[in-house]
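[1] Return a 3D structure for these sequence lines:
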Amino acid sequence: MAFYRAQPSYMYPAVPFTGEIQGGLQDGLQITVNGCVHPGASRFAVNLQAGFSENNIAFHFNPRFEQGGYVVCNTKQNGQWGTEERKMSMPFQKGVPFELCLLVQSSHFTVTVNGNFFVQYPHRVPFTSVNAISVTGSVQLFYITFKNPHVAPAQPVFFTMQPSQRLRFPKSQGRKPKPSGSGHANLNPVTPTVLPSTAQSPQMFPTPGIPPTMYPSPTYPMPYFSSIPGGLHPSKSIIVVGTILPSAKRFHINLRSGSDIAFHLNPRFDENAVVRNTQVKGKWGSEERQLLRPMPFRRGQGMLVWIMCDSYCFKVAVDGQHLLEYNHRLKNLAAINNLEVDGDVQLTHVQA
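    Numbers count the residues shown, from 1 in each chain. Here you go, the predicted structure:
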C-alpha cells in the first residue's frame with residue numbers, strides 16, 4: 001500500500017469558497033462535502049474545476065429548489081457551458097445538514113447524498129485537469145474532506161489558514177491564557193502543512209486526516225447525550241452548532257467522565273455570564289466567570305461552539321473567535337468520553 005501526505009480537511013470555510021485539491025483528482029478519490037442548506041435557499045453549487053477561476057469546470061453539481069426542486073449537472077470549457085443534465089428530484093432539505101460525497105471513477109463521477117446513491121455523471125473532459133473545488137450559493141459549510149482508498153495517510157495533517165480567515169486559539173505560555181485577535185472567515189486559497197502532532201500555534205488548528213463523527217439530523221432531542229469514541233486527547237475537537245431560544249435563560253455543554261463532569265460550560269443569560277466548572281463525586285468546584293471579551297451568546301441567534309482539548313486545558317471558540325481557556329481539573333483525558341447538552345437551545349449539528 002502506498003503512503004502519502006494526506007490532503008487536510010477544510011473546516012468551516014466561508015462561502016463562496018475555493019480550495020486546492022492537492023495532486024489533482026485521482027481515480028478512487030472521494031471528496032465529502034458536509035454542510036447545511038440555508039432555510040431560505042434557492043440554489044447552491046459544488047464545482048470541481050481547473051484552477052481558481054470558473055472558466056473550466058469539469059463537474060458542476062447544482063441543486064435548485066425552485067419548481068419543486070431538481071439538480072443540474074454540467075461542464076464548462078473555456079467559459080462555455082455544455083448541455084445540462086437534470087435530475088428531477090431533490091435530495092437536500094432547507095435548514096437540514098447534509099453529507100455530499102463525490103467519488104472519482106475512471107469513466108464518471110458517482111454522487112451520493114446522505115449515504116444514498118443519487119447520480120452518475122460521465123466525464124466530458126479529463127478529470128486529471130481538476131485541481132480545485134469551489135462551493136457557492138445558499139449553503140453553510142462544516143467541512144470538506146478527501147479520502148483515497150488506494151493509499152494510506154503517512155502522518156497527521158494540520159490545516160493552515162490565511163490570516164484573514166484564521167480561527168484563532170492563542171498559544172499559551174505556561175498556564176496563563178493570553179487574549180487573541182479575532183478572525184473573519186473570508187476564504188482565500190489556503191496552504192496545507194504537515195507538522196508533528198505536538199505542534200501548537202495560533203496560526204494552525206489541528207485537523208485529523210479522518211473526519212470526526214457526524215450526526216446529520218435536522219434537530220436533536222434535548223437533553224442531548226452522546227459518547228465520544230476513544231475519549232479526549234490533545235487536538236481532539238468538539239463542535240456544537242445550534243440556535244439559542246428567544247426566551248433563553250441558560251444552557252450548558254458538559255464533557256463527562258463517568259458520573260463526573262470534567263468541563264461544564266454554562267452560558268447564563270439571566271446573569272450575563274459564561275460559567276465554567278468541574279463536578280467530582282457530586283460536588284462542584286470553584287466557578288470561573290472572567291472573560292476576555294463580552295458575552296458572545298445572544299438570545300434568538302445561532303451559535304457555533306468549538307471546544308479543543310489541549311494538553312493542559314480546554315480552549316473554547318464561539319463563532320470563530322477565541323473565548324476562553326479552562327485548565328484541566330480531571331487529568332485522565334481518555335476517560336472523558338461523553339458529551340451532554342441541555343437547556344434553552346436547539347441543536348442542529350454536533351461533531352464529537
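[2] use CA for all of it now, contacts and neighbours both
    Fine.
[3] So for stretch 221-235, first residue to last residue, what's the gap.
    Its start and end residues considered, stretch 221-235 measures 28 Å (Cα to Cα, to the nearest Å).
[4] swap that for stretch 106-123, please
    End-to-end distance (Cα to Cα), stretch 106-123: 8 Å.
[5] Buried residues of that stretch, list them for me.
    H108, F109, T110, V111, T112, V113, F118, Q120, Y121, H123 (16 or more other Cα atoms under 10 Å).
[6] Closest one of these to Q77?
    H123 (12.5 Å; Cα to Cα).
[7] Please give me every residue in contact with that closest one.
    A58, S107, H108, F109 (Cα atoms under 8 Å, 6 or more residues apart in numbering).
[8] wait, the third one sits on V119?
    Okay, so that is H108. No - the criterion here is Cα atoms under 8 Å, and H108 misses it with V119 at 10.0 Å.
[9] which residue is nearest the centroid of this structure?
    F142 (3.3 Å; Cα atoms, centre = their mean).
[10] Walk me through the domains of this protein.
    2-152, 213-351 (automatic domain parsing).
[11] from the chain's centre, how far out does the last one sit?
    Think domain 213-351. For domain 213-351, the distance from its own C-alpha centre to the chain's C-alpha centre is 16 Å (Cα atoms, centre = their mean, to the nearest Å).
[12] What ranges in the chain fall below the confidence cut-off?
    Counting by pLDDT under 70, the chain contains low-confidence residues at 1-6, 149-219, 320.
[13] Can you give me the neighbour number for G282?
    10 (other Cα atoms under 10 Å).
[14] what's the answer for E84, then?
    Counted with other Cα under 10 Å, E84 comes out at 12.
[15] Pull the contacting residues for it.
    E84 neighbours (Cα under 8 Å, 6+ apart): V72, C73, N74.
[16] ok, back up a step: farthest-apart pair in the contacts of H123, please.
    The widest separation within the contacts of H123 (Cα to Cα) is 12.6 Å, between A58 and S107.
[17] returning to what we had before: sort out which one of the buried residues of stretch 106-123 lies nearest Y224 for me.
    V113 (25.1 Å).
[18] ok, so what distance separates the closest one from V119?
    The gap separating V113 from V119 is 9 Å, by Cα to Cα.
[19] go on, S247?
    The gap separating S247 from V119 is 44 Å, by Cα to Cα.
[20] Let's verify A334: helix, strand, or coil?
    What DSSP: H, G, I helix; E, B strand; the rest coil gives for A334 is helix.
[21] Which residue, other than its chain neighbours, is closest to it?
    G231 (4.4 Å; Cα to Cα, 6 or more residues apart in numbering).
[22] Can you select the buried ones among the contacts of E84 for me in ChimeraX?
    This is the ChimeraX syntax for the buried subset of those, where burial follows 16+ other Cα under 10 Å:
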select :73,74
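[23] Of the contacts of E84, which is the nearest to K94?
    V72 (17.3 Å).
[24] I'd guess that closest one is in a strand, am I close?
    Yes - counting by three-state DSSP, V72 is located in a strand.
[25] Across the sheet, point out what pairs with it.
    Beta bridges link V72 to N62, R86, judged by DSSP bridges.
[26] quick revisit: now do the contacts for the residue nearest to the centre of the chain.
    Per Cα under 8 Å, 6+ apart, neighbours of F142: M11, Y12, P13, V33, N34, G35, C36.
[27] In strands, which of those fall?
    Mapping these onto strands (DSSP state E) picks out M11, V33, N34, G35, C36.
[28] from what I can see the second one touches F146, true?
    No - checked against Cα under 8 Å, the pair V33 and F146 is beyond contact range at 9.2 Å.
[29] Skipping adjacent residues, who's closest to V318 in space?
    Nearest one to V318, counting by Cα to Cα, 6+ apart, is V305 at 4.7 Å.
[30] Beta-bridge partners for the one you found, please?
    Going by DSSP bridges, V305 forms beta bridges with V240, V318.
[31] In the stretch 101-250 of the chain, what residue spans correspond to strands?
    Using DSSP state E, counting those that start in this stretch, the strands of the stretch 101-250 of the chain run over residues 108-113, 116-122, 132-137, 139-147, 151-153, 158-160, 191-193, 204-206, 224-227, 237-244.
[32] gap between the spatially closest residue to G28 that is not a sequence neighbour and A248?
    Once flanking residues are discounted, G28 sits nearest to V104: 5.3 Å by Cα to Cα, 6+ apart. For V104, the distance to A248 equals 46 Å [Cα to Cα].
[33] Show me which of these two is the more surrounded one.
    Applying other Cα under 10 Å to V104 and A248 shows that V104 carries more neighbours, namely 21 against 17.
[34] who's in contact with the more buried one?
    Counting by Cα under 8 Å, 6+ apart, V104 has contacts L25, Q26, D27, G28, L29, Q30, T110.
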